[in-house]
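Trainee: here is a sequence together with a model predicted from it:
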Amino acid sequence: QVQLVESGGGLVQAGDSLRLSCAASGRTFSRYAMGWFRQAPGKEREFVGTMSRSGGSTYYLDSVKGRFIISRDNAKNTVYLQMNSLKPEDTAVYYCAAGSYGVASAFRADYWGQGTQVTVSS
């Protein structure tokens, strides 16, 4: 069992930066690939980016490539999402997830955090 707790959300202006953190419980953090997802009002949850267990591979949603960076610290059981050049369309509840990669590097989430709100004003 893994429990995930996100933090770092807030209200920022367009062009600002924000870093989200996701702290995981347990001693098996390094066994999981980690992902960030988001859900805007009235929309389905969407993939933002994922990182492999070792941190050697990352995948990003096209619209955040070059702006968002995922990193992880296995010693601290924490994964981060650095968000730069934020846009109003990035407004959403952001969730982290622990899981694994399947066929065609598709990420399967086994555990979810409770989410943290990010609001970007224009």
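Mentor: That came through, no problem.
Trainee: just the helices in this protein please.
Mentor: For the chain, no helices are identified by DSSP state H.
Trainee: so which bits of stretch 100-116 are buried?
Mentor: Buried residues in stretch 100-116, counted by 16 or more other Cβ atoms under 10 Å: Y101, F107, A109, Y111, W112, G113, G115, T116. (C-beta placed from N, C-alpha, C; glycine too.)
Trainee: closest to Y95 among those residues?
Mentor: Ranked by distance to Y95 (Cβ to Cβ), the buried residues of stretch 100-116 are led by G115 at 4.7 Å.
Trainee: any chance of a markdown table for the buried residues of stretch 100-116, columns pLDDT?
Mentor: Formatted as a markdown table, the buried residues of stretch 100-116 follow (pLDDT from 0 to 100):
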| residue | pLDDT |
| --- | --- |
| Y101 | 89 |
| F107 | 93 |
| A109 | 95 |
| Y111 | 96 |
| W112 | 97 |
| G113 | 97 |
| G115 | 97 |
| T116 | 98 |
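Trainee: distance of the residue nearest the centre of the chain relative to R27?
Mentor: With distances taken as Cα atoms, centre = their mean, W36 lies nearest the centre of the chain, 2.3 Å away. Counting by Cβ to Cβ, to the nearest Å, the gap between W36 and R27 amounts to 22 Å.
Trainee: how about S7?
Mentor: S7 is 21 Å from R27, by Cβ to Cβ.
Trainee: and these two? which has more neighbours close in?
Mentor: Shown here are S7 and R27; by other Cβ atoms under 10 Å, S7 has more neighbours (13 against 9).
Trainee: how many neighbouring residues does the nearest residue to the more buried one once chain neighbours are set aside have?
Mentor: Spatial nearest neighbour of S7, excluding adjacent residues (Cβ to Cβ, 6 or more residues apart in numbering): S21 at 5.1 Å. If you count neighbours by other Cβ under 10 Å, S21 ends up with 17.
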